[in-house]
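Student: fold the following and give me the result.
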Amino acid sequence: MKILTNYEDLIGKTVSFVHAAQFAKAITIATTSNEVIVMDREIDEYGEEGNIRVYSEHKALEYIKKEDNRYIRNSLSEYAGFDIEEYNKQKKEEEDRKRAEWQYKQEKREREEYERLKQKFNS
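Tutor: Here you go, the predicted model:
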């Protein structure tokens with residue numbers, strides 16, 4: 001499961017779900033490979049064409065989690081296999097793994113520094 005932050009990442013993917021309701025704040029697109037992108041369109045002052053703005057991962061999660069978007073959450077789960085609770089669990093595990101790896105490297109550096117200082121002052 002992944003949240004895309006660049007619309008070009010959709011190239012070559014098979015779309016499984018699109019939510020672009022008339023009064024929806026954003027457009028939500030999901031692929032068959034469990035990827036989701038959320039974007040909106042900034043309309044210029046004349047009401048004509050504007051820029052497409054892709055949401056960051058954090059903002060996309062906030063949008064999907066909103067109580068108003070229950071339909072989007074259920075549809076993402078059904079059609080794209082993107083479950084928000086599973087995604088959060090996966091992210092937490094990844095953060096825990098990175099934190100443990102960083103802590104191991106930090107302890108290794110501290111041990112090396114300790115050995116270096118021990119040799120320096122005991123000589």
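
Student: now do the buried residues in the longest helix belonging to the chain.
Tutor: Criterion DSSP state H: the longest helix present in the chain is helix 84-122. Residues of helix 84-122 classed as buried by neighbour count (16 or more other C-beta atoms under 10 Å): Ile84, Tyr87. Placement of C-beta: from N, CA and C, glycine included.

Student: what helices and strands are in contact with that helix?
Tutor: Judged by 3 or more C-beta pairs under 8 Å, 6 or more residues apart in numbering; DSSP states H and E, the packing partners of helix 84-122 are helix 57-65.

Student: grab the nearest non-local neighbour of Leu61.
Tutor: Ile3 (6.9 Å; C-beta to C-beta, 6 or more residues apart in numbering).

Student: swap in Tyr55?
Tutor: Distances taken as C-beta to C-beta, 6+ apart put Val38 closest to Tyr55, at 4.4 Å, once the chain neighbours are dropped.

Student: can you tell me the element the one you found falls in?
Tutor: If you go by DSSP states H and E, Val38 is part of strand 35-43.

Student: picking up where we left off before, can you give me the pLDDT of the residue nearest to Tyr55?
Tutor: If you check Val38, the pLDDT there is 92.

Student: ok, the one 10 residues further on next?
Tutor: Residue-level confidence at Glu48 comes out at 69, pLDDT.

Student: any idea how far Asn74 lies from Gln22?
Tutor: 20 Å (C-beta to C-beta, to the nearest Å).

Student: surely the residue nearest to Leu61 is in contact with Ala60?
Tutor: Yes - counting by C-beta atoms under 8 Å, Ile3 does reach Ala60; the two are 5.0 Å apart.

Student: what touches both of those two?
Tutor: Val36, Ile37, Val38 (C-beta atoms under 8 Å, 6 or more residues apart in numbering).

Student: by neighbours, which of these wins?
Tutor: Tallying neighbours with other C-beta atoms under 10 Å puts Val38 at the head of the shared contacts of Ile3 and Ala60, with 27 neighbours.
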